[in-house]
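Novice: just to be clear, the model below is a prediction. Sequence and coordinates:
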Amino acid sequence: MPSQARKNEPKRRAPNRGAFDFETWEWTNPLCCGFVWGPPGERQEHWIHDRKAARPLDVARAALGFMFAAEAVDEWWAHNMGKFDGLLLAEAALSLGVSIHGVVTGSRAIRLDFKAKGRTIKVFDSYALVPAKLKSCADDFDLPSKKIFNESDYSVDPRKWDVARLRSGCLADCHVVLELLEHLEDQVEQWGGKLGLTFSSTALSVMRAAIAPRDIPSHEGQWRAQELSNLARYGGRVEIFHHSPRMELIEYDVTSSYPWAMSQALPWNLIGHSVSASGAAKVLSGKYEGPVEAIVRVPKNCSLPVLPVRLPGDGIYFPTGTFRGWWPAIELRYAVEQGTEVQPISAVAYQAAKPFAEVIAKVFQVKNTGKGAVRAFAKLVLNGAYGKLGQGPDTELLKVCANEEDALDAIHGAKPGKVRQLGDDKRMLTMSQYRWPKHTHYAASAYITAYSRILLHNALTASTGPAYCDTDSVHCALGSRLGNLEGTHLGGLKVEIPRYKGQFYAPKIYALAMPDGKMHFASKGFPVNEADFRTLVTGNAVKVERIQSLKTQLAKGGKVVRLQGETAEAKRWGGISSKRCPLPDGSTRPWTYTELIEKKHKEAKCPIMGNEFVSY
């Protein structure tokens with residue numbers, strides 16, 4: 001249950017937050033911007049509207065000007081700011097000579113600071129804290145403003161909306177964002193954590209508070225152990241076992257796969273690095289835990305190999321044959337049980353512990369019994385914390401200077417190679433930082449993903465006629481029984497889709513036919529409507545419309561651009577399904593390690609490319 005507030009610590013002053021939201025036409029042209037700020041019960045509002053929709057940049061400039069004038073507000077938030085609202089402010093800032101500092105994760109800006117004349121505006125993305133559509137956030141957290149919030153119908157040009165609709169919709173978004181932050185922060189602080197920039201950092205703060213006064217062991221001065229442990233970190237298993245199974249299927253999903261894995265015995269306190277086979281054997285035997293370097297021999301007749309290998313720039317594969325690498329000892333032991341020979345070479349040894357088992361059990365109970373904000377918070381913590389253990393030391397920051405002279409000062413004042421120009425505009429800079437986060441624990445992170453893969457392998461082995469798997473789900477023949485693996489308990493496998501037929505074209509590209517005649521499409525990175533999916537699986541290009549990332553925008557001069565019409569990005573699936581070797585009858589087999597080295601997988605054509613969808 002939630003911990004009591006720490007009695008000896010003074011309560012931190014809550015920042016005076018504000019929320020803002022742009023409504024646009026053709027995505028990139030701001031028509032209006034709304035602002036809401038202040039404590040609950042004392043909300044203040046402001047609204048900017050371009051009635052003629054003639055000079056859209058003026059709305060963004062006016063919005064930034066208002067934020068600079070609102071000195072009582074400490075920080076501003078917008079949902080999906082990093083891929084939308086923040087880009088509009090950035091374009092306005094560039095036109096006004098306002099400097100910008102940014103924290104970017106992937107293609108998303110999670111924080112932007114705008115600075116001019118000694119005043120700094122801090123802008124954050126609430127989507128980074130709760131990565132879901134705002135309507136889903138309102139429903140999941142049972143927010144008071146969900147009654148007045150509704151998603152706009154963007155099939156209608158917003159310039160045709162009446163002023164009342166524009167204003168109410170814009171401001172309702174802002175109210176929901178502030179309520180989301182308040183509800184989330186209330187739950188986090190009850191558990192001893194604090195609101196971070198992302199849902200992962202927020203979730204980890206709860207976990208660290210729960211295991212206090214212990215903490216995640218520091219690897220300061222032990223970077224070699226971290227680097228070797230990182231070699232044993234692999235992602236989830238995503239494979240097709242039959243592209244077009246004729247039988248009816250059932251889908252099982254693991255209940256909280258990574259949280260379950262995080263609650264198992266993990267390598268925790270570092271003992272040391274052994275370069276001897278005898279020392280590695282002690283870790284492999286279970287006397288210690290940790291990553292082990294080994295030569296392994298997977299029998300050629302093994303239909304479901306356990307151990308992953310990483311091909312640079314090409315993901316992970318599960319081959320047969322003889323090869324060398326680093327793996328978590330727990331996964332090597334499981335591979336031995338499945339018939340793999342393992343010859344240990346060296347290892348990093350840790351004492352084992354279950355630091356998170358108790359708090360994960362408590363949070364999981366809250367998730368199962370709670371409602372509204374309580375349940376939504378529990379899901380956030382369960383799904384978010386494990387990722388921070390694998391956080392790397394490299395961070396890239398964006399810096400846009402007010403003028404070229406300031407940019408040159410920043411470049412010359414930094415260590416060589418730490419600051420560079422982003423594009424042709426000399427004001428646009430990227431700044432790299434290399435610093436190990438105190439919470440990074442690559443060995444523990446490697447074990448968490450390994451436990452999850454082992455659980456999935458168990459489910460695949462127990463199922464009948466497996467057709468497809470994806471990290472925490474198994475698609476197999478209807479009638480499969482998974483024995484004691486089934487259940488709604490933490491780590492149990494529950495039925496997600498009870499009955500359907502499917503065609504699996506490539507990992508994360510498939511079509512499922514339901515008994516009621518409805519179709520479900522999955523096509524990661526592509527549109528998922530039926531027309532585009534049909535185009536995609538015949539090998540033809542589909543148009544993907546998106547707003548370019550902040551980094552891309554700045555590199556191209558800072559103008560917000562939506563790829564649309566003839567300039568839309570044309571993407572195509574090349575018909576390759578490479579994770580396992582496709583066979584003419586639609587079934588697959590594991591690659592041999594030799595085949596992977598010879599890049600045979602690069603030519604693995606999907607045997608059902610262009611086929612008509614299966615019907616129920």
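Specialist: Right, received. Where do you want to start?
Novice: quick one, helices of the stretch 451-600 of the chain?
Specialist: Taking DSSP state H, counting those that start in this stretch, the helices of the stretch 451-600 of the chain run over residues 530-536, 550-555, 593-597.
Novice: would you convert those helices into TSV that also reports mean neighbour count?
Specialist: C-beta: built from backbone N, CA, C; applies to glycine. Listed next are the helices of the stretch 451-600 of the chain as TSV, based on neighbours: other CB atoms under 10 Å:
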stretch	mean neighbour count
helix 530-536	16
helix 550-555	20
helix 593-597	17
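Novice: those: lowest mean pLDDT?
Specialist: When those are compared by mean pLDDT, helix 550-555 comes last with a mean of 78.
Novice: got the helices of the stretch 451-600 of the chain as a markdown table, with distance to L284 columns?
Specialist: What follows is those, written out as a markdown table (distance: least, CB to CB, whole Å):
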| stretch | distance to L284 |
| --- | --- |
| helix 530-536 | 45 |
| helix 550-555 | 44 |
| helix 593-597 | 21 |
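Novice: do you know which of those helices lies nearest D142?
Specialist: Ranking the helices of the stretch 451-600 of the chain by proximity to D142 (CB to CB) places helix 550-555 first, at 32.5 Å.
Novice: now for the closest one, which elements pack on it?
Specialist: In terms of contacts (3 or more CB pairs under 8 Å, 6 or more residues apart in numbering; DSSP states H and E), helix 550-555 is packed against helix 85-96, strand 99-105, strand 394-400, strand 428-434.
Novice: R165 is nearest to which of those?
Specialist: Here helix 85-96 is closest among the helices and strands packed on helix 550-555 (CB to CB), at 19.4 Å.
Novice: wait, which of the helices of the stretch 451-600 of the chain is closest to R159?
Specialist: Per CB to CB, nearest to R159 of the helices of the stretch 451-600 of the chain: helix 550-555, 23.6 Å.
Novice: return that closest one as CSV; C-alpha atoms alone will do.
Specialist: Provided in CSV are the C-alpha atoms of helix 550-555 (Å, rounded to 0.1, in the frame of the first residue of the first chain):
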residue,chain,number,x,y,z
LEU,A,550,11.8,18.9,-34.0
LYS,A,551,15.4,17.9,-34.7
THR,A,552,14.6,17.4,-38.4
GLN,A,553,12.7,20.7,-38.5
LEU,A,554,15.6,22.6,-37.0
ALA,A,555,18.1,21.0,-39.4
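Novice: any idea how far it is from the chain center?
Specialist: 21 Å (CA atoms, centre = their mean, to the nearest Å).
Novice: circling back: so which of the helices and strands packed on helix 550-555 is the most packed in?
Specialist: helix 85-96 (a mean of 24; mean count of other CB atoms under 10 Å).
Novice: before we move on, back to that, so which of the helices and strands packed on helix 550-555 is nearest K146?
Specialist: Nearest to K146, of these and by CB to CB, is helix 85-96 at 20.5 Å.
Novice: other SSEs contacting the closest one?
Specialist: strand 17-25, helix 56-69, strand 99-105, strand 108-116, strand 119-125, strand 394-400, helix 550-555.
Novice: so what strands line up beside the fifth one?
Specialist: It refers to strand 119-125. Using DSSP bridges, the strands paired with strand 119-125 in its sheet are strand 75-78 (parallel), strand 108-116 (antiparallel).
Novice: same question for it: list its buried residues.
Specialist: Neighbour-count burial for strand 119-125, counted by 16 or more other CB atoms under 10 Å, picks out 121-125.
Novice: okay, that strand in PDB with CA atoms only?
Specialist: Output in PDB follows, covering the C-alpha atoms of strand 119-125 (Å, rounded to 0.1, in the frame of the first residue of the first chain):
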ATOM      1  CA  ARG A 119      13.400  35.100 -18.700                       C
ATOM      2  CA  THR A 120      12.900  31.300 -19.400                       C
ATOM      3  CA  ILE A 121       9.700  29.500 -20.300                       C
ATOM      4  CA  LYS A 122       9.700  25.800 -19.500                       C
ATOM      5  CA  VAL A 123       7.500  23.600 -21.600                       C
ATOM      6  CA  PHE A 124       6.900  19.900 -21.000                       C
ATOM      7  CA  ASP A 125       5.000  17.100 -22.700                       C
END
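Novice: now the angle from that strand to strand 99-105?
Specialist: 20 degrees (axes from the mean of the first three to the mean of the last three CA atoms, to 10 degrees).
Novice: could you list the low-pLDDT ranges of this structure?
Specialist: 1-14, 53-54, 56, 149-155, 560-569 (pLDDT under 70).
Novice: the same query, at a cut-off of 80, please.
Specialist: Applying pLDDT under 80 to the chain picks out residues 1-15, 26-27, 51-57, 106-107, 146-157, 415-417, 423-424, 545-569.
Novice: what's S201 in contact with, if anything?
Specialist: K388 (CB atoms under 8 Å, 6 or more residues apart in numbering).
Novice: if we can go back for a sec, closest one to R427 among the helices of the stretch 451-600 of the chain?
Specialist: Here helix 550-555 is closest among the helices of the stretch 451-600 of the chain (CB to CB), at 9.0 Å.
Novice: show me what contacts R224?
Specialist: R224 makes contacts with H273, as judged by CB under 8 Å, 6+ apart.
Novice: repeat that with 6 Å
Specialist: Applying CB atoms under 6 Å, 6 or more residues apart in numbering to R224 gives no contacts.
Novice: quick one: what helix or strand has it in it?
Specialist: Per DSSP states H and E: R224 is located in helix 223-230.
Novice: quick one on the thing from earlier: TSV for the helices and strands packed on helix 550-555, including distance to A555?
Specialist: Converted to TSV, these look like this (distance: least, CB to CB, whole Å):
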stretch	distance to A555
helix 85-96	12
strand 99-105	12
strand 394-400	10
strand 428-434	7
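Novice: G372: which of the ones you listed is closest?
Specialist: helix 85-96 (26.6 Å).
Novice: quick revisit: which SSE is immediately downstream of the helix holding R224?
Specialist: strand 238-240.
Novice: show residues contacting that following strand.
Specialist: So strand 238-240 is contacted by 468-470, 504, 507, 579-580, 588 (CB under 6 Å, 6+ apart).
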